[in-house]
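Peer 1: with the input below, show me the fold.
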Amino acid sequence: MNTGISDLVTQRLAAVRFADLPASTVTAAKQVLLDACGVMLGASGLSDEVRPFAALAAATGSGPCAVLGTGQLASAPFAALANGAMAHALDYEDAFDLAPGHPNASLVPALIALAQAEGPVDGARFLTALAIGCDLSCRMGLALRRQMEDGGWYPPPILAGFGAAAGSAHLLGLGAEQLRDALSLTLCQVTMPGEIKHSPATVIRAVREAFPAQAAVLSAMLAREGVSGFEAPLEGPGGFYALYAGGQFDPADLSDGLGERFWIERLTFKPWPSCRGTHPFIELALRLRGEHGFSPDAITAIDVRIDEVQRMLTEPAARKNAPQVAIDAKFSIPFCTALALRHGAVDLDGFSAQRLADPAILELAARVRPEVRPQSGWLRGSGGAMTVHLADGRQLCAEVDNALGCPARPLDEAALVRKFVDCAGRARRPLSGAAARQLAARILTLEDCPDVGALFGDAPR
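Peer 2: Numbers count the residues shown, from 1 in each chain. Down below sits the predicted model:
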């Protein structure tokens, strides 16, 4: 019944040109690139977890591609590996709330690596590849009619990997059949088990996008070299939807408006460097603290009402109340809520080893009491409610249906530039404020850039 959807998708994607992109899509793609590059630069200096990936990239020999923020050069596959590790390490990259995931966290590292290896690649070509890659990842998630988690998988890096492969193939100028081959080769490489959520000491969750970013580059390059794939990598009897969703998907979500409307316009840009599911509670904690001015020491309990998606951010309680590693703290509603209430901010300094061991934060985190009780108006994984109980008997309540940064309540461009400047200033080789603002301005006018790869070489400091 679904025969032919792989061909339909790849034919339409391969045909998209820059002139086909609405102006709003072009603007969104530039903002995605700005945000993603800032987050990777910040991770190069702030995240110890990414250092082995950068070291491995350097050890494999030099090449034309930058490991962002480090001054190191590598081949395209290994630069994508290292930059992919950086893309999610701070948990600060954009998100697609409607089918929860991060469609650009492996796509942007892959495209930058290929732009530098295959250059010069102009801005129009780069933005087109970014728009179609992001769109496919979002559509593949929206088309699911059975949750991938039901089969023990962890969806975000899997879905992102297919979008990254499509974008990479488009950047290389591949036709529909070779784009389909690239998706097939991605199916042979990209996976992520749900076990990533269960081990309290692993940091794989932080660096997970390294693997699909590298796989996307390899898939597109091998497809260009003539490696044939499958006839139906998406809908086949052993294809993506059969393997990951028991064959349960709606092809209309893949095809309707494909090549005309782009989901890149409906992303969330994060105001706080933590899992999107924690954001409602950060926002509510900061709101109640600001409106009522109570002392954190006066709090006796904090009730948070969550949905099923957010359950993983509260369980098991002992681990979420006292996370051992930064990425686990970023996936903890109790810790992020306590951090916001205790310090009045959740920023890039909030997940240091000192904060993870701070008894004042941990004591407050232990007072968070979650209850799964979603409201009908909440967007799945992005809404929530909170009641703060105080020693004087007051109960302070607040609720949000979709946390700040979403398309309905977006960060404006000035806020995105400030975020970029802050992150770039924390790179292993930090950019000055002036240099960061100059780079931001060039990214935000990327359609006029003759060589995108050159932007991420030796930037002025």
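Peer 1: so where's the stretch 101-250 of the chain uncertain?
Peer 2: Nowhere does the stretch 101-250 of the chain drop to pLDDT under 70.
Peer 1: do a quick rundown of the helices in it.
Peer 2: Here the stretch 101-250 of the chain has its helices, by DSSP state H, counting those that start in this stretch, at 107-118, 123-142, 155-171, 176-187, 204-207, 210-224, 240-245.
Peer 1: also the stretch 301-450 of the chain?
Peer 2: Counting by DSSP H, counting those that start in this stretch, the helices of the stretch 301-450 of the chain are 317-321, 326-330, 333-343, 353-356, 359-365, 413-424, 433-443.
Peer 1: the ones you listed: which one's closest to Leu171?
Peer 2: helix 433-443 (16.7 Å; C-beta to C-beta). Heads up, the C-betas are built off the backbone N, CA and C, glycines and all.
Peer 1: what does that closest one contact?
Peer 2: 30, 33-34, 37, 417, 420-421, 424-425, 431, 449, 455, 459-461 (C-beta atoms under 8 Å, 6 or more residues apart in numbering).
Peer 1: for Ser137, state which of those is nearest.
Peer 2: Checking the contacts of helix 433-443 one by one against Ser137 (C-beta to C-beta), the nearest turns out to be Leu33, at 15.5 Å.
Peer 1: my guess is the closest one meets Leu446, correct?
Peer 2: Yes - using C-beta atoms under 8 Å as the test, Leu33 is close enough to Leu446 to be in contact (6.6 Å).
Peer 1: between the helices of the stretch 101-250 of the chain, which gets nearest to Glu49?
Peer 2: The nearest among the helices of the stretch 101-250 of the chain, by C-beta to C-beta, is helix 204-207 at 4.6 Å.
Peer 1: mind checking which of Leu33 and Leu446 has more residues around it?
Peer 2: Leu33 (23 against 20; other C-beta atoms under 10 Å).
Peer 1: check contacts around Ala79.
Peer 2: Contacts of Ala79 (C-beta under 8 Å, 6+ apart): Ala57, Gly63, Cys65, Ala66, Val67, Leu73, Pro109, Ile112, Ala113, Gln116.
Peer 1: can you tell me, leaving aside adjacent residues, what's nearest to the fifth one?
Peer 2: Closest residue in space to Val67, ignoring its immediate chain neighbours: Ala82 at 4.5 Å, by C-beta to C-beta, 6 or more residues apart in numbering.
Peer 1: list the buried residues in stretch 52-64.
Peer 2: By 16 or more other C-beta atoms under 10 Å, the buried positions in stretch 52-64 come out as Phe53, Ala54, Ala57, Ala58, Gly63, Pro64.
Peer 1: where helices are concerned, which of those count?
Peer 2: Of the positions in the buried residues of stretch 52-64, Phe53, Ala54, Ala57, Ala58 sit in helices, assigned by DSSP state H.
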